[in-house]
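Trainee: Next one to model:
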Amino acid sequence: MFRNSFQHNRYRRSGFHRQGVKNNWNRKKINYSQDINTNPFLTTTDNQRVKHNFNDFSIDPRLKQNIIVRGYTIPTPIQDQAIIHILDGRDVIGIANTGTGKTAAFLIPIINKIISHRAEKVLIIIPTRELAVQIDDELKTLASGLNIYSLLCIGGASINRQIFALTRNPNIIIGTPGRLKDLSLRRFLNIFQFKTIVLDEVDRMVDIGFIKDIRYLISLLSHPRQSLFFSATVSPEVNSIIQTFLNNPITVSVKVQETLPQIQQDIIRVKDKNEKIEKLNAMLKQEEYKKVLIFGRTKWGVERLFNSLQRKGFDVASIHGNKSLNQRLRVLTRFKQNQLRVLVATDVAARGLDIENVSHVINFDEPSNYTDYIHRIGRTGRAQKSGKALTFVG
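Mentor: Residues are numbered from 1 along each chain as shown. Take a look at the predicted model:
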């Protein structure tokens, strides 16, 4: 379980420790007359044909049965194109919109690899604690009854418990960059042991300042290995990670447009904050607003809006960075299980989270850029279902 001094020296020689975070690349601002699609049904849709079904893949019959139990019938385009290459041992770059099934695209072949090679160690690196928990839940479903064990290594949870759990030698570790680096520096986690590595939601990890930690972890990886890389966008910083992380990769891109065609988008013009809250209250009273995710810009603004809606009798909760991990997970679970009708959140809920049947996303506060807008509205219209995204504009 201990990282050796050779690995640390290799990191120092790589120069990664001297490279600062270049997080100020020019992100596109929102042009509401051009970027918001008020009639999605006139948009060109993704016409990529799915060539396989799950039975076509050379995977264990027990895993196929778990896929059926999970409710998957035919692969999504990213699953259709990526799984076969991952099964072949190739390094893969997967470029896909949020909500397109990319988690199962890497989990299915990884589970199959572990069934065939029980000594295989897999490291999955993701940007947020919530996404880590979600991937772990998906893994437990797909690996049910297969004696495959995972460990979450994330901030906001007891590091001592994680250190103890590492002694149990889990097959798969799912972690956020900061906690993984901490465990590595303390010599409780040997990054060199992992022969299969997944970087998921890489653009988000760059956005929130994890690029130095990612480069540190990459510098400790072994060769040869299989590396899987998933991102919705490829900025210069993301491309620099690709160059150091992957070996002769095959690129699978199923992203034909920024927004999914089933998401109907519109703007709501308001004069001031009072009119904005009045219009929001009137909207939430309408029957069509069955399961609503509302985004605010700041933690304090989200909490004020939550208190206002709660006083008016709405079934509402909030999540933001001031909430503990357990508080956030409890609220997300209630929202997923339809025990809450309205969730107010900062952008902590804007990426990666798979919440079924969100009828509306409402940008109470405008997102700071187009990339954030795309990820926010991607919480609705998932799994080919229709959804609506509304943005208040002053």
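
Trainee: C-alpha from now on. contacts and neighbour counts both.
Mentor: OK.

Trainee: bridging residues for residue 92?
Mentor: residue 228, residue 250 (DSSP bridges).

Trainee: distance of it from residue 275?
Mentor: 49 Å (Cα to Cα, to the nearest Å).

Trainee: Residue 140: which element?
Mentor: helix 129-142 (DSSP states H and E).

Trainee: by contact count, what packs against the helix or strand residue 216 falls within?
Mentor: Secondary structure from DSSP H and E places residue 216 in helix 211-219. Packing partners of helix 211-219 (3 or more Cα pairs under 8 Å, 6 or more residues apart in numbering; DSSP states H and E): helix 5-14, helix 177-185, helix 236-245.

Trainee: swap the cut-off to 10 Å and go again
Mentor: helix 5-14, helix 177-185, helix 202-207, helix 236-245 (3 or more Cα pairs under 10 Å, 6 or more residues apart in numbering; DSSP states H and E).

Trainee: What are the buried residues along stretch 213-229?
Mentor: 213-221, 225-229 (16 or more other Cα atoms under 10 Å).

Trainee: Tabulate the residues you listed (JSON lines), appending distance to residue 191 and pLDDT.
Mentor: Formatted as JSON lines, the buried residues of stretch 213-229 follow (distance: Cα to Cα, whole Å; pLDDT from 0 to 100):
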{"residue": "213", "distance to residue 191": "13", "pLDDT": "93"}
{"residue": "214", "distance to residue 191": "12", "pLDDT": "93"}
{"residue": "215", "distance to residue 191": "12", "pLDDT": "92"}
{"residue": "216", "distance to residue 191": "10", "pLDDT": "95"}
{"residue": "217", "distance to residue 191": "7", "pLDDT": "95"}
{"residue": "218", "distance to residue 191": "9", "pLDDT": "94"}
{"residue": "219", "distance to residue 191": "9", "pLDDT": "94"}
{"residue": "220", "distance to residue 191": "6", "pLDDT": "96"}
{"residue": "221", "distance to residue 191": "6", "pLDDT": "94"}
{"residue": "225", "distance to residue 191": "12", "pLDDT": "96"}
{"residue": "226", "distance to residue 191": "14", "pLDDT": "97"}
{"residue": "227", "distance to residue 191": "13", "pLDDT": "97"}
{"residue": "228", "distance to residue 191": "16", "pLDDT": "97"}
{"residue": "229", "distance to residue 191": "17", "pLDDT": "95"}
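
Trainee: could you measure the residue nearest to residue 234 when sequence neighbours are not counted against residue 181, distance?
Mentor: Spatial nearest neighbour of residue 234, chain neighbours left out: residue 203 (6.8 Å); criterion: Cα to Cα, 6 or more residues apart in numbering. The gap separating residue 203 from residue 181 is 19 Å, by Cα to Cα.

Trainee: Who has more neighbours out of the two?
Mentor: residue 203 (22 against 18; other Cα atoms under 10 Å).

Trainee: Which residues are in contact with residue 225?
Mentor: 89-91, 192-197, 246-247 (Cα atoms under 10 Å, 6 or more residues apart in numbering).

Trainee: can you give me the strands in the stretch 201-350 of the chain?
Mentor: 226-231, 250-253, 263-269, 292-295, 316-319, 342-345 (DSSP state E, counting those that start in this stretch).

Trainee: again with the stretch 51-200 of the chain
Mentor: Using DSSP E, counting those that start in this stretch, strands in the stretch 51-200 of the chain cover 92-95, 122-125, 150-153, 172-175, 196-199.

Trainee: Now tell me what touches the third one from outside.
Mentor: Contact partners of strand 150-153, identified using Cα under 10 Å, 6+ apart, comprise 122-125, 129, 132-133, 135-136, 139-140, 159, 161-163, 165-166, 168-180, 182-183.

Trainee: can you check the fourth one too?
Mentor: If you take Cα under 10 Å, 6+ apart as the criterion, strand 172-175 is touched by 110-111, 114, 120-129, 131-133, 135-136, 139, 148-155, 166, 180-181, 194, 196-198.

Trainee: Parallel or antiparallel, which strands does that strand pair with?
Mentor: Using DSSP bridges, strand 172-175 pairs in its sheet with strand 122-125 (parallel), strand 150-153 (parallel).

Trainee: Output the first one as CSV, nothing but the C-alphas.
Mentor: Output in CSV follows, covering the C-alpha atoms of strand 122-125 (Å, rounded to 0.1, in the frame of the first residue of the first chain):
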residue,chain,number,x,y,z
VAL,A,122,-9.0,0.2,-11.3
LEU,A,123,-8.9,3.9,-10.4
ILE,A,124,-11.7,6.2,-11.3
ILE,A,125,-11.0,9.9,-10.8
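
Trainee: How about residues contacting that strand?
Mentor: So strand 122-125 is contacted by 106-107, 110-111, 113-114, 132, 135, 150-154, 170-177, 180, 191, 193-202, 205, 214, 217, 226-229 (Cα under 10 Å, 6+ apart).

Trainee: 8 Å instead, please
Mentor: 110, 171-177, 194-200 (Cα atoms under 8 Å, 6 or more residues apart in numbering).

Trainee: what do you get for stretch 179-198?
Mentor: Stretch 179-198 is contacted from outside by 1-3, 7, 106, 120-125, 153-155, 163, 166, 213, 216-217, 220-230, using Cα under 8 Å, 6+ apart.

Trainee: So which bits of it are buried?
Mentor: So stretch 179-198, judged by 16+ other Cα under 10 Å, has buried residues 179-184, 188-198.

Trainee: Off-centre distance for stretch 305-315?
Mentor: Put simply, stretch 305-315 sits 29 Å off its chain's centre (Cα atoms, centre = their mean, to the nearest Å).

Trainee: can you pull the buried residues of that stretch?
Mentor: By neighbour count on 16+ other Cα under 10 Å, the buried set for stretch 305-315 is 305-306, 309, 314.
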